[in-house]
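Could you look at this predicted model? Sequence included:
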Amino acid sequence: MNDVGFDEPCAETWTYNILHTTDHCKSICIKHYGFWNVLRGKMDLSHTDEQGNLNPCLQCDENTSGPGFKYVAGRTRRNSGIISAIHRQPEEISFVDHSLYFEKE
């Protein structure tokens with residue numbers, strides 16, 4: 001956990017988020033991706049439809065685990081200005097100047 005930069009409370013928050021999503025969204029995700037695809041890790045990479053709406057699996061995560069994660073963690077990738085694999089509209093991602101956190105050589 002320290003290898004990826006998480007302290008214990010941060011790791012616990014991420015772990016709880018994963019377990020909560022699994023518990024509450026498993027059937028929706030299996031229905032969307034297909035049972036064998038989930039087992040093999042062969043879920044398609046289209047996270048959104050043509051209108052930009054999240055697929056049902058990701059929308060379930062967003063609705064059921066997202067609010068609790070935001071409350072406990074305080075930061076998400078989007079409000080930290082970090083781009084993730086899930087396509088988001090530009091107005092959903094905050095601009096954060098991360099260069100202030102790194103030493104300049």
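Sure, I can see it. Residues are numbered from 1 along each chain as shown.

for the top helix by length along the chain, the distance to its chain's centre please.
The longest helix of the chain (DSSP state H) is helix 8-33. In terms of C-alpha atoms, centre = their mean, to the nearest Å, the gap separating the centre of helix 8-33 from the centre of its chain is 10 Å.

Can you name the element that comes right after it?
Using DSSP states H and E, the helix or strand that follows helix 8-33 in sequence is helix 35-40.

Give me the helices and strands touching the helix or strand following that next one, please.
Heading C-terminal from helix 35-40, the first helix or strand you meet, by DSSP H and E, is helix 56-64. In terms of contacts (3 or more C-beta pairs under 8 Å, 6 or more residues apart in numbering; DSSP states H and E), helix 56-64 is packed against helix 8-33. Heads up, the C-betas are built off the backbone N, CA and C, glycines and all.

List the buried residues for the longest helix of the chain?
Counting neighbours by 16 or more other C-beta atoms under 10 Å, one finds that the buried residues in helix 8-33 are 13-14, 17, 21, 25, 28-29, 32-33.

Check stretch 67-84 too.
Phe69.

So what touches it?
With contact meaning C-beta atoms under 8 Å, 6 or more residues apart in numbering, stretch 67-84 is reached by 10, 13, 16-17, 20, 66, 88, 92-96, 98.

now, among those, which is nearest to Asn53?
Ranked by distance to Asn53 (C-beta to C-beta), the contacts of stretch 67-84 are led by Arg88 at 11.7 Å.

ok, back up a step: tabulate the contacts of stretch 67-84 (JSON lines), appending pLDDT and distance to Leu39.
As requested, the contacts of stretch 67-84 are exported to JSON lines (pLDDT from 0 to 100; distance: C-beta to C-beta, whole Å):
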{"residue": "Cys10", "pLDDT": "82", "distance to Leu39": "29"}
{"residue": "Thr13", "pLDDT": "88", "distance to Leu39": "27"}
{"residue": "Tyr16", "pLDDT": "91", "distance to Leu39": "23"}
{"residue": "Asn17", "pLDDT": "89", "distance to Leu39": "22"}
{"residue": "His20", "pLDDT": "94", "distance to Leu39": "21"}
{"residue": "Gly66", "pLDDT": "87", "distance to Leu39": "25"}
{"residue": "Arg88", "pLDDT": "76", "distance to Leu39": "28"}
{"residue": "Glu92", "pLDDT": "80", "distance to Leu39": "31"}
{"residue": "Ile93", "pLDDT": "79", "distance to Leu39": "32"}
{"residue": "Ser94", "pLDDT": "82", "distance to Leu39": "36"}
{"residue": "Phe95", "pLDDT": "82", "distance to Leu39": "39"}
{"residue": "Val96", "pLDDT": "78", "distance to Leu39": "37"}
{"residue": "His98", "pLDDT": "71", "distance to Leu39": "37"}
